[in-house]
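A.B. asks: output the structure for:
(2 chains)
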Number of protein chains: 2
Amino acid sequence: MEDPIERALAEIKFGIDGLVPAIAQQHDTGEVLMMAWMNRDAVRASLVEGRACYWSRSRGKLWRKGETSGQTQQLHELRLDCDGDTVLLLVDQHGVACHTGRRNCFFRAWRDGEWVVIAEPQVAPGTLYPGPPHPSPLAGGESEGSV
Amino acid sequence: MEDPIERALAEIKFGIDGLVPAIAQQHDTGEVLMMAWMNRDAVRASLVEGRACYWSRSRGKLWRKGETSGQTQQLHELRLDCDGDTVLLLVDQHGVACHTGRRNCFFRAWRDGEWVVIAEPQVAPGTLYPGPPHPSPLAGGESEGSV
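C.D. replies: Residues are numbered from 1 along each chain as shown, chains lettered A, B, ... in the order given. Got it, this is the predicted structure:
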């Protein structure tokens, strides 16, 4: 009968751009891995496929996290905040979350009046996005990391 | 000489609305407490005062978290993501983060086809926002929780 995922979507307040912020957190350690955006299709795909799918604002398309890099996020649980306008994804991160090869994207800390890099890449970015047609993520542009 | 906080701000890519998403995480447990928004003034106030300040989109003003409820967030560290467009605040939450009286705002989980409330209020919301002129946060509207 009724599609249960429609019931999930009904409680999420998407913005006027059709998106909600989505925080990805490693389910067992609590590490905040990244922040991206989801539209209705991304939420649906994530629930149906059991893996994190986002909406890439830079590419204007659904982004199955890891589809290029292999660094997928298995979805453990989807949570919704009090206002219904932000979602939290508890995931199991395969490999690294950040397109720079770091485990998480929040590797700059403001300490003693400057931004300090507090984590080094665990994987060489070149191995995440090998060869053409994918541009170097270090050069910015249309990498997976550009959300 | 140069204002160091200007150097902090220079690396943050605020959106066209002047805001960035800000994730608040309990610094020692890793609990994701809430998501709100910051503009330049909110970042500056947070760094200067050592407590989380956000921009309330609903009220259109700077929002010193806890100014009404007393549930302040002591800032331990400000972090910035790879793209520079999301910040992570490691905080020490005094009391509860959510305007419903719950420790964090992400208390709804999608389980077996329905949204399940997985945490109960630790504090009666009425004690967080006593009497007029503050409207009931349960009724929505201009509570601290409306960001």
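A.B. asks: and stretch A:39-46, which residues are buried?
C.D. replies: Within stretch A:39-46, the residues that qualify as buried are A:39-40, A:42-46, counting by 16 or more other CB atoms under 10 Å in any protein chain shown. C-beta here means a position set from N, CA and C on the backbone, and glycine is covered the same way.
A.B. asks: need the contact list for A:Leu89.
C.D. replies: For A:Leu89, the contacting residues are A:22-25, A:46, A:52, A:73, A:75, A:77-79, by CB atoms under 8 Å, 6 or more residues apart in numbering or on different chains.
A.B. asks: reduced to three states, what does it come out as?
C.D. replies: strand (DSSP: H, G, I helix; E, B strand; the rest coil).
A.B. asks: now do the SS call for the residue nearest to it when sequence neighbours are not counted.
C.D. replies: Closest residue to A:Leu89 apart from its sequence neighbours, by CB to CB, 6 or more residues apart in numbering or on different chains: A:Ala24 at 4.8 Å. Classification of A:Ala24 using three-state DSSP returns strand.
A.B. asks: show me what A:Ala24 is bridged to.
C.D. replies: Per DSSP bridges, the residues bridged to A:Ala24 are A:Met34, A:Leu89.
A.B. asks: so it touches A:Ala52, yeah?
C.D. replies: Yes. Between A:Ala24 and A:Ala52 there is a contact under CB atoms under 8 Å: 6.1 Å.
A.B. asks: list residues touching both of these two?
C.D. replies: Common contact partners of A:Ala24 and A:Ala52 (CB under 8 Å, 6+ apart): A:73, A:89, A:91.
A.B. asks: now the residues you listed as TSV including pLDDT?
C.D. replies: Listed next are the shared contacts of A:Ala24 and A:Ala52 as TSV, based on pLDDT from 0 to 100:
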residue	pLDDT
A:Gln73	98
A:Leu89	98
A:Val91	98
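A.B. asks: tell me the one among these nearest to chain B.
C.D. replies: Lowest distance from chain B to the shared contacts of A:Ala24 and A:Ala52 (CB to the nearest CB) belongs to A:Leu89, with 10.2 Å.
A.B. asks: how close does the residue most central in space within chain A sit to A:Glu77?
C.D. replies: With distances taken as CA atoms, centre = their mean, A:Ala36 lies nearest the centre of chain A, 4.7 Å away. A:Ala36 is 17 Å from A:Glu77, where distance means CB to CB, to the nearest Å.
A.B. asks: ditto for A:Val43
C.D. replies: 13 Å.
A.B. asks: now A:Asp112
C.D. replies: 38 Å.
A.B. asks: let me know the helix or strand that A:His76 is in.
C.D. replies: Assessed by DSSP states H and E, A:His76 sits inside strand A:73-80.
A.B. asks: do you know the pLDDT at A:Ala10?
C.D. replies: Model confidence at A:Ala10, given as pLDDT, is 98.
A.B. asks: what's the closest non-adjacent residue to A:Arg103?
C.D. replies: Once flanking residues are discounted, A:Arg103 sits nearest to A:Val96: 5.2 Å by CB to CB, 6+ apart.
A.B. asks: you'd agree that neighbour is up against A:Glu120?
C.D. replies: No. A:Val96 is beyond contact range of A:Glu120, at 11.1 Å (criterion: CB under 8 Å).
A.B. asks: what angle separates the host helix or strand of A:Pro21 from strand A:73-80?
C.D. replies: For A:Pro21, the element it lies in under DSSP H and E is strand A:20-26. Here strand A:20-26 points in a direction 120 degrees away from that of strand A:73-80 (axes from the mean of the first three to the mean of the last three CA atoms, to 10 degrees).
A.B. asks: hmm, who's touching strand A:20-26?
C.D. replies: A:12-14, A:31-38, A:42, A:52, A:54, A:73, A:85-93, A:97, B:21, B:23, B:30, B:32, B:35.
A.B. asks: picking that back up, compare A:Ala24 and A:Ala52 (neighbour count), which wins?
C.D. replies: A side-by-side neighbour count of A:Ala24 and A:Ala52, using other CB atoms under 10 Å in any protein chain shown, places A:Ala52 first with 28 against 25.
A.B. asks: the more buried one contacts A:Gln93, correct?
C.D. replies: No. Judged on CB under 8 Å, A:Ala52 makes no contact with A:Gln93 at a distance of 9.0 Å.
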